[in-house]
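K.L.:
structural data only, the sequence is not supplied:
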C-alpha cells in the first residue's frame with residue numbers, strides 16, 4: 001500500500017481560496033473524482049475532487065484555511081505502483097496522468113472533461129421585462145451566479161417594491177457569463193440584467209464513465225481530476241456544478257456557510273454571520289436570512305450577542321425618532337410555553353406600509369348601514385339565470401359599481417395628494433383586499449366604469465385565485481384609485497380600515513344581517529349591510545364623507561340609481 005498526497009488541482013486564476021466545507025474525514029473510503037472539500041473565492045464556490053481512490057489517513061486542511069494550486073488537501077492510502085508500503089507519492093497539481101518516456105503517445109483518460117467554448121459563440125443580453133408601473137425597484141436577492149446553466153423562465157433575481165416582491169425570470173436559456181446587478185441595486189424596465197452564452201457558445205461539460213486505471217509499471221498514474229480552463233472564473237463555476245448532487249458527509253463546523261456576496265452584504269450591514277441561521281441548501285446563509293436577521297434586530301424582536309452583552313437590561317429604541325417611549329421588551333418564555341414564527345415577506349412589506357399610513361394620514365371613519373334587501377334578491381336571481389355561464393355574481397361586484405357612481409359624484413374621493421396639489425383622476429380603478437395564506441393582498445380591477453357587474457365578477461374571481469396562488473403580477477396590484485375591504489361572510493359589524501396611500505379613502509364592509517327596520521308604520525325585516533368609510537381629513541371634510549356614505553347607501557338600496 002502507498003500513501004498519496006492529494007493536492008489542489010489547477011483552479012484557474014484563483015489564488016488563496018478559502019475552505020468553507022469538509023466533505024470527508026479521516027477513515028473514510030473515497031473514490032476517484034469524489035468531492036473532498038468546497039472552496040470559495042470572491043466569484044464562485046467549487047468542490048475539489050480526489051485524484052485517486054483510497055482511505056483517508058490524514059487531513060491537511062481545516063475550515064477557514066486558505067489553499068491554492070498545489071496545496072495538499074489530504075493523504076490517502078492507495079495501491080502502491082511499486083509495491084512499497086512506505087512510499088509517498090505526490091500527485092501533480094494539474095492532476096494529469098504522467099506517461100513514461102517509453103510510451104510518449106499514451107493518452108490520458110480523465111473521468112471528467114470540460115470543453116472550451118465554441119469559437120462561433122454568441123451572447124444574449126437579458127433585460128428587466130415589463131414589471132408594471134414600478135420604478136427603481138430594489139434587488140433583494142441574487143438567485144444565480146456566473147457559470148450556472150440557466151433555463152428559460154428560470155428566476156435570476158428577486159426585486160421588491162413598497163407593495164410586493166417579485167422574481168425576474170430569464171428570457172433565454174444558456175450559461176450565465178456575467179450578472180450586471182447586485183443586491184441593493186435599483187432596476188427599471190429595460191435595464192441590462194445579465195449576459196448569457198447560448199447554444200454553441202455555452203460551456204459544455206462532458207462526463208465519461210471511465211473506470212480507474214489499474215496500477216502497473218506501464219501506466220504509473222492515478223486517474224485525472226476534473227480539469228478547469230485556466231484563467232476562467234466562469235469555467236471554474238461551471239465545473240463546481242458537477243457535484244451539486246453529491247451528499248455532504250461532514251457538515252461545516254464553526255465557519256458560517258455563506259457565499260462571498262452574502263459575506264460582503266453582511267459586513268456592510270454589520271451583521272455577525274455566526275449568529276444568523278441559514279435557510280439555504282445545507283444550511284447556507286442567504287441574503288434573505290441576513291435581511292431577516294437585520295429586520296428582527298431593528299424591530300427589537302432579536303438581539304445580537306454584542307448587544308446582549310453590552311446592555312442586557314437596556315430597552316429598545318423603537319419609536320424614539322417620534323419621541324415615543326421605547327417598545328417593551330419581555331421574556332415571554334418565563335410566563336409559559338411559547339412558539340416563535342417569522343413573519344412572511346408579504347406581511348412584513350404590508351405591515352410597514354400600514355404603519356406609515358396609520359401614522360401619517362389623519363384618518364376618520366364614518367359608519368352607516370345600507371338596505372340591500374332588494375339588491376340581494378336581484379343578485380340571487382341573476383346567479384340562477386346565469387348558472388350555465390359559470391360566473392357567480394357577488395355582492396362585492398355590485399359594491400364596486402356603486403362606489404364608481406359615488407366617486408364620480410364626489411371626485412375628491414378619487415384623488416390623491418401631491419405636495420400642496422390635489423390630483424383628480426379621470427379613471428376608476430378599484431382595489432379589493434384579498435385574504436391569502438401569505439397575507440393580505442390588494443388586486444386591482446381597472447376601468448370599472450366601463451364594465452358590467454358580470455365582467456367585474458369574472459375578473460374578481462380570476463384575480464382572487466391568482467392572489468391565493470401567489471401569481472399576481474405587479475401590474476395587477478397597482479393603480480387603484482379607491483379600495484374596498486370586505487369581510488364578507490366572516491362576521492363582525494363595523495371596523496376601521498386603514499387607507500392605502502396614495503389613495504384618500506377606503507370602504508370597509510362586514511357581513512349583512514337581517515334587522516327590524518321602521519318603515520313609518522311598522523317594523524319590517526330588512527337585510528342591512530354595515531359600511532365603514534375611512535377618509536383622509538386633509539382632503540375630505542366630515543360633511544362630504546357623510547354625503548358620500550348616504551349616497552352610496554341610496555344606490556345599494558335602489559340600484560337603478562347607478563344609471564342616473
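P.N.:
Structure received. Note that the structure is predicted; figures quoted are calculated from it, not measured.

K.L.:
measure stretch 146-155 end to end?
P.N.:
Start-to-end span of stretch 146-155 (Cα to Cα, to the nearest Å) is 14 Å.

K.L.:
what residues of that stretch count as buried?
P.N.:
146-150 (16 or more other Cβ atoms under 10 Å). All C-beta atoms are positioned from the backbone trio N, CA, C, and that covers glycine.

K.L.:
chain center to it, what's the gap?
P.N.:
Mean C-alpha position of stretch 146-155 versus that of the full chain (Cα atoms, centre = their mean, to the nearest Å) differs by 16 Å.

K.L.:
what is the nearest of the buried residues of stretch 146-155 to residue 540?
P.N.:
Residue 540 has its nearest neighbour among those in residue 150, at 50.9 Å by Cβ to Cβ.

K.L.:
from memory the closest one sits against residue 196, does it?
P.N.:
Yes: the criterion here is Cβ atoms under 8 Å, and residue 150 meets it with residue 196 at 6.2 Å.

K.L.:
what sits in contact with each of the two?
P.N.:
Applying Cβ atoms under 8 Å, 6 or more residues apart in numbering, one finds that residue 150 and residue 196 are jointly contacted by 170, 172-176.

K.L.:
among these, name the buried ones.
P.N.:
170, 173-176.

K.L.:
take those residues and keep only those in strands.
P.N.:
Among these, DSSP state E puts 174-176 in strands.

K.L.:
distance check, the residue lying closest to residue 75 once chain neighbours are set aside against residue 178.
P.N.:
Nearest non-adjacent residue to residue 75, counting by Cβ to Cβ, 6 or more residues apart in numbering: residue 58, 4.3 Å away. Noted for residue 58: a distance of 40 Å to residue 178, by Cβ to Cβ, to the nearest Å.

K.L.:
follow-up on the earlier one: now the ones in strands among the buried ones among the shared contacts of residue 150 and residue 196 in a markdown table, with pLDDT and distance to residue 15?
P.N.:
Shown next, in a markdown table, are these (pLDDT from 0 to 100; distance: Cβ to Cβ, whole Å):
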| residue | pLDDT | distance to residue 15 |
| --- | --- | --- |
| 174 | 88 | 29 |
| 175 | 89 | 24 |
| 176 | 91 | 23 |
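
K.L.:
of those, closest to residue 265?
P.N.:
Proximity of those to residue 265 (Cβ to Cβ) peaks at residue 176, which lies at 19.5 Å.

K.L.:
from memory that closest one sits against residue 151, does it?
P.N.:
No: using Cβ under 8 Å, residue 176 makes no contact with residue 151, being 11.1 Å away.

K.L.:
spell out, range by range, the strands that occur in the stretch 151-300 of the chain.
P.N.:
For the stretch 151-300 of the chain, the strands defined by DSSP state E, counting those that start in this stretch occupy 155-160, 165-169, 174-179, 186-187, 192-198, 205-207.

K.L.:
for residue 454, which of those strands is the nearest?
P.N.:
Go through the strands of the stretch 151-300 of the chain one by one with Cβ to Cβ and the one that ends up closest to residue 454 is strand 165-169, at 30.5 Å.

K.L.:
which helices and strands does that closest one pack with?
P.N.:
Contacts defined by 3 or more Cβ pairs under 8 Å, 6 or more residues apart in numbering; DSSP states H and E place strand 165-169 against strand 155-160, helix 345-360.

K.L.:
note down every partner strand of it and its orientation.
P.N.:
Strand 165-169 has the following strand partners under DSSP bridges: strand 155-160 (antiparallel).

K.L.:
relative orientation of the strand it pairs with and helix 345-360 in degrees?
P.N.:
Comparing the axes of strand 155-160 and helix 345-360 via axes from the mean of the first three to the mean of the last three Cα atoms, to 10 degrees yields an angle of 20 degrees.

K.L.:
name the residues of strand 155-160 that come out as buried.
P.N.:
Of the residues in strand 155-160, those buried (16+ other Cβ under 10 Å) are 156-160.

K.L.:
distance to residue 18 for these - can I get that in TSV?
P.N.:
TSV is the format used below for these (distance: Cβ to Cβ, whole Å):
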residue	distance to residue 18
156	26
157	25
158	26
159	30
160	30
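
K.L.:
contacting residues for residue 368?
P.N.:
530-531, 533, 549-550, 553.

K.L.:
quick one: buried ones out of these?
P.N.:
Among those, those buried by neighbour count (16+ other Cβ under 10 Å) are 530-531, 533, 549, 553.

K.L.:
please identify the helix or strand for residue 376.
P.N.:
Assigned by DSSP states H and E, residue 376 belongs to helix 373-385.

K.L.:
relative to helix 373-385, how tilted is whatever helix or strand comes next after that helix?
P.N.:
Proceeding N to C from helix 373-385, the next assigned helix or strand is helix 395-409, under DSSP H and E. Angular relation of helix 395-409 and helix 373-385 on a 0 to 180 degree scale: 130 degrees, by the same axes, to 10 degrees.

K.L.:
what's the neighbour count on residue 392?
P.N.:
Neighbour count for residue 392, taken as other Cβ atoms under 10 Å: 16.

K.L.:
spatially nearest residue to it, not counting backbone neighbours?
P.N.:
residue 383 is the one closest to residue 392 (Cβ to Cβ, 6+ apart), at 5.9 Å.

K.L.:
I'd like the distance between that neighbour and residue 446.
P.N.:
Counting by Cβ to Cβ, the gap from residue 383 to residue 446 is 24 Å.

K.L.:
now do stretch 76-84, average pLDDT.
P.N.:
Averaging pLDDT along stretch 76-84 gives 59.

K.L.:
not counting its own residues, what contacts stretch 346-365?
P.N.:
With contact meaning Cβ under 8 Å, 6+ apart, stretch 346-365 is reached by 160, 162-165, 295, 322, 343, 436, 438-441, 496-501, 508, 532-538, 542, 545.

K.L.:
what is the mean pLDDT for it?
P.N.:
Mean predicted lDDT for stretch 346-365 stands at 88.

K.L.:
tell me the centre residue of the protein?
P.N.:
residue 158 (5.4 Å; Cα atoms, centre = their mean).

K.L.:
who's the closest spatial neighbour of it, skipping the chain neighbours?
P.N.:
Once flanking residues are discounted, residue 158 sits nearest to residue 141: 3.9 Å by Cβ to Cβ, 6+ apart.

K.L.:
is residue 530 in a bridge, and if so with what?
P.N.:
Residues in a beta bridge with residue 530, per DSSP bridges, are residue 369.

K.L.:
which ones are touching it?
P.N.:
Residue 530 neighbours (Cβ under 8 Å, 6+ apart): 367-369, 492-494, 509-512.

K.L.:
residue ranges with poor pLDDT in the stretch 351-500 of the chain?
P.N.:
Within the stretch 351-500 of the chain, no range satisfies pLDDT under 70.

K.L.:
try 90
P.N.:
The stretch 351-500 of the chain contains residues with pLDDT under 90 at 351-356, 385-391, 419-420, 434-441, 467-475, 487-493.

K.L.:
cool, the stretch 1-150 of the chain as well?
P.N.:
For the stretch 1-150 of the chain (pLDDT under 90), the answer is 1-5, 8-24, 27-28, 30-54, 57, 63-70, 76-124, 128-143, 145, 147-150.

K.L.:
any idea what sits nearest residue 31, other than its immediate chain neighbours?
P.N.:
residue 53 (5.1 Å).

K.L.:
any idea how many residues pack against that neighbour?
P.N.:
18.

K.L.:
what's the answer for residue 129, then?
P.N.:
By other Cβ under 10 Å, 11 other residues sit near residue 129.

K.L.:
done for today, thanks.
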